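Trainee: What would the 3D arrangement of this be:
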Amino acid sequence: MKTFNHFSVSGRIGKDATIANAGNNKKATFSIALNTAHKNAAGETTSTATAWIDFEAIRKPEKANEFEALKKGAFLTINGPFEANEFDTKEGKHRQVIVFVATSWEPVTADNNEEKGE
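Mentor: You can find the predicted model right below:
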């Protein structure tokens, strides 16, 4: 059965990825900035809002060199599935979060960015 919980997001990395051990693997956590321009009736930009999306990526140690692309300012398209995680807080409250799991990424270049206007 196919799942339809995949994403594709383009944006700039806010700071270098944090790399940590995750069992026998390596885990990178990083954020991408998504900027939205707000325009008035005349089409002039009046303000810009920035939202941050957090991602995580897991690789075998021999593939951890792939994390080198996850540097501050890199303009990337990130792809992967959403995962639902549940946990209980210290206060005993049950929480559910959606995790963006980055399984692949590629640099956004002039060739593949025409429609993005960057």
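
Trainee: How about the residue in the protein that sits furthest from its center?
Mentor: Ala42 (32.8 Å; CA atoms, centre = their mean).

Trainee: That one belongs to a helix, doesn't it?
Mentor: No: per DSSP: H, G, I helix; E, B strand; the rest coil, Ala42 lies outside any helix segment and is coil.

Trainee: What separation do you get for it and Asn35?
Mentor: Computed as CB to CB, to the nearest Å, the Ala42 to Asn35 distance reads 20 Å. Just so you know, the C-beta spots here come from the backbone N, C-alpha and C atoms, and that holds for glycine as well.

Trainee: Could you do Glu62 as well?
Mentor: For Glu62, the distance to Asn35 - CB to CB - is 36 Å.

Trainee: residue ranges with poor pLDDT in the chain?
Mentor: Scanning the chain for pLDDT under 70 picks out 1-3, 110-118.

Trainee: what are the ranges of the strands in this protein?
Mentor: 6-13, 18-22, 25-39, 45-59, 75-88, 94-101, 104-107 (DSSP state E).

Trainee: Can I get those in TSV including distance to Glu68?
Mentor: Below are the strands of the chain laid out as TSV (distance: least, CB to CB, whole Å):
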stretch	distance to Glu68
strand 6-13	12
strand 18-22	10
strand 25-39	10
strand 45-59	11
strand 75-88	12
strand 94-101	19
strand 104-107	11
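
Trainee: Export these to TSV and append columns for mean neighbour count.
Mentor: Converted to TSV, the strands of the chain look like this (neighbours: other CB atoms under 10 Å):
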stretch	mean neighbour count
strand 6-13	16
strand 18-22	12
strand 25-39	15
strand 45-59	13
strand 75-88	14
strand 94-101	12
strand 104-107	14
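
Trainee: For Glu66, find the nearest of the ones you listed.
Mentor: Of all those, strand 45-59 sits nearest to Glu66, with 5.9 Å by CB to CB.

Trainee: I am finished for the moment; much appreciated.
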